[in-house]
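Trainee: Sequence and computational prediction follow.
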Amino acid sequence: MVSASDTSTTPAHDPRPRYDASALRQFIEAVLEHYGLSSADAQLGARAISDADLSGVDTHGIANFPVHLQYAKGLQSGSVQPRPEMKVLRDSPVAASWDSGRGLGPVVACHAMNAAIDKARNTGIGMITVRNGCHCGAIGYYARMAAEHDMIGMVMSHSIASSFPPGGTEPVAGTNPIAFAAPVEGSHPLSLDMATTLAAGLNLRVAQRRGVDIPPGWAVDKDGKASTSAYVREEGGSLLYLGATPEGGGYKGYGLAMMVEVVSGILSGTGSGLWQTYTPAWQQGQWFAAWRIDAFIDPVEFKAEMKRMADHIRGTRPVEGQGPVAVPGDRSATLRAERGRLGVPLDAHIIEHCSKLGEQAGVPFPAALAGR
């Protein structure tokens, strides 16, 4: 059985059926069009959602598509708008504040990052906040969009308060992810996409579906005692912030979560996640930024030094029996190449949910690759 924390076992040891990545993307795109998105927006959303599966972020890709309240279910219920009236609330040459109009999160996020890139192209830097937003998936994809334009990208999004602060027993902030990407000469970007807790909240859902415990050290129960229950949140407990305890520097992950809360939640006008609950009407605040490298340094020089740094790190001595040492972004880039070639592995319940969604939308779910 694949563990809760292992969403990307090696092909030789992964018994799950594999599906062609392009076929999965086309399935998502066709379903989105069925529920009213324009062809262009359906393509944007499908690319963003399916990139999570390619990159090994199995918690945030097609597994969410049929079941998340703000993906297909939201389009079916009307709580997510297929053709939203996005509004620019404030605008300047370098920054803007948007209202999403309750559009599909990944589509709005793509538009927001493209707007930040356009502003950076004109002024050197661009920032967009989004209020009244819907869940936008794995945010590393949007940071990498900027890196593809020889820019530095950064994204933050806040979520419902679900985690205890160090020393506390009441939730004060969410998993509040941060993403960053920068271009490297002749290689994939250096990229980071991380929750400020020890694991993303959706990893608990994975453990629940697979009937396994979560790894020790991830969470505490309602009294602040260590817990390995996959239902720890439902039982009143919490995922721990990076550093885990006051002695281990837990204030660092907690502090980062509060930074995300300020920049993506309060600055966007969405407000703190303290005042929200997980319903179809849940609002996610988001922040997107792009920096044009040549506003600071020659891009050729920058990317060459990035390559020199990354190559040196990869060449450092690993722990015996492990290695090579990786740079942030290496694992996901390797998986994108591997899964693009061999296919994306899916759990049985994901296949079942996607097949049912396909029947509802009149879009057949693709068959598994031969031999898988």
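Mentor: It's in. Numbers count the residues shown, from 1 in each chain.
Trainee: Does P215 fall in a helix, a strand, or a coil region?
Mentor: Secondary structure for P215, judged by DSSP: H, G, I helix; E, B strand; the rest coil, is coil.
Trainee: tally of neighbours for it?
Mentor: Residues within reach of P215, counting by other CB atoms under 10 Å, total 16. C-beta here means a position set from N, CA and C on the backbone, and glycine is covered the same way.
Trainee: Y142 too?
Mentor: 29.
Trainee: check which helix or strand covers it.
Mentor: Secondary-structure assignment from DSSP states H and E places Y142 in helix 140-147.
Trainee: cool, and A179?
Mentor: When secondary structure is defined by DSSP H and E, A179 falls within strand 178-184.
Trainee: Direction-wise, compare that strand with helix 140-147 and give the angle.
Mentor: Using axes from the mean of the first three to the mean of the last three CA atoms, to 10 degrees, the direction of strand 178-184 lies 30 degrees away from that of helix 140-147.
Trainee: Show the end-to-end separation of stretch 253-271, please.
Mentor: Start-to-end span of stretch 253-271 (CA to CA, to the nearest Å) is 20 Å.
Trainee: Please identify the buried residues of it?
Mentor: Of all the residues in stretch 253-271, those buried under the rule 16 or more other CB atoms under 10 Å are 253-265, 267-270.
Trainee: And the helices in this protein, which stretches?
Mentor: For the chain, applying DSSP state H gives helices covering 21-34, 39-54, 72-77, 105-123, 140-147, 202-210, 250-260, 299-314, 330-342, 348-361.
Trainee: What about this structure, which residue is the most distant from its middle?
Mentor: Relative to the mean C-alpha coordinate of the chain, counting by CA atoms, centre = their mean, the farthest residue is E320 (32.0 Å).
Trainee: Pull the contacting residues for the nearest residue to T316 once chain neighbours are set aside.
Mentor: With sequence-adjacent residues excluded and distances taken as CB to CB, 6 or more residues apart in numbering, T316 is closest to V325, at 5.1 Å. Contact partners of V325, counting by CB atoms under 8 Å, 6 or more residues apart in numbering, are I313, R314, G315, T316, R317, P318.
Trainee: and if you look at L239?
Mentor: S162, S163, T175, T197, L198, A199, G201, L204, W218, A219, V232, R233.
Trainee: Spit out the contact partners of the closest residue to it other than its chain neighbours.
Mentor: Counting by CB to CB, 6+ apart, L239 lies nearest to T197, which is 4.3 Å off, once chain neighbours are set aside. Contact analysis of T197 by CB under 8 Å, 6+ apart lists S163, T175, N176, L239, L240, Y241, L242, G253, A257.
Trainee: quick one: which of those residues is nearest G285?
Mentor: N176 (10.1 Å; CB to CB).
Trainee: I'd like to know how many residues surround L54.
Mentor: For L54, the number of neighbouring residues by other CB under 10 Å comes to 22.
Trainee: pLDDT score for the residue nearest to it when sequence neighbours are not counted?
Mentor: In this structure, L54 finds its nearest non-sequential neighbour in R336, 4.6 Å apart by CB to CB, 6+ apart. The model reports R336 with a pLDDT of 97.
Trainee: Contacts only, for R336.
Mentor: For R336, the contacting residues are D51, L54, S55, taking CB under 8 Å, 6+ apart as the criterion.
Trainee: distance of the nearest residue to the last one once chain neighbours are set aside from T277?
Mentor: What that stands for is S55. If you skip the residues right next to it in sequence, S55 has S332 as its closest partner in space, 4.0 Å away by CB to CB, 6+ apart. Spatial separation of S332 from T277 under the definition CB to CB, to the nearest Å is 32 Å.
Trainee: for K225, same thing?
Mentor: With the distance defined as CB to CB, K225 ends up 25 Å from T277.
Trainee: And V107, by the same measure?
Mentor: Distance of V107 to T277, given as CB to CB: 24 Å.
Trainee: Those two: which is more packed in?
Mentor: Counting neighbours by other CB under 10 Å for V107 and for T277 shows that V107 has the greater number, 29 against 9.
Trainee: Contacts only, for the more buried one.
Mentor: For V107, the residues meeting the contact criterion (CB under 8 Å, 6+ apart) are L37, D41, L44, G45, A48.
Trainee: so which of the contacts of R336 would you say is closest to A295?
Mentor: Nearest to A295 among those, counting by CB to CB, is D51 at 27.7 Å.
Trainee: still on that earlier bit, helices or strands up against the helix holding Y142?
Mentor: In terms of contacts (3 or more CB pairs under 8 Å, 6 or more residues apart in numbering; DSSP states H and E), helix 140-147 is packed against helix 39-54, helix 105-123, strand 151-157, strand 178-184, strand 187-194, strand 284-292.
Trainee: Nearest residue to V172 in space, please, no chain neighbours.
Mentor: Once its chain neighbours are removed from consideration, V172 has its nearest residue in P165; the separation is 5.1 Å (CB to CB, 6+ apart).
Trainee: burial measure for that neighbour, as a count.
Mentor: Applying the criterion other CB under 10 Å, we find 20 residues in the vicinity of P165.
Trainee: What of G56?
Mentor: Using other CB under 10 Å, G56 has 21 other residues around it.
Trainee: Do I have it right that it meets S332?
Mentor: Yes. Here G56 lies in contact with S332, judged by CB atoms under 8 Å, at a distance of 5.8 Å.
Trainee: got the helices and strands packed on helix 140-147 as CSV, with distance to M309 columns?
Mentor: Shown next, in CSV, are these (distance: least, CB to CB, whole Å):
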stretch, distance to M309
helix 39-54, 25
helix 105-123, 23
strand 151-157, 15
strand 178-184, 9
strand 187-194, 8
strand 284-292, 18
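Trainee: for the ones you listed, which one sits closest to V344?
Mentor: Each of those has some distance to V344 by CB to CB; the shortest is helix 39-54, at 4.7 Å.
Trainee: And that closest one, what does it pack against?
Mentor: Using 3+ CB pairs under 8 Å, 6+ apart as the contact criterion, the secondary-structure elements in contact with helix 39-54 are helix 21-34, helix 105-123, helix 140-147, helix 330-342.
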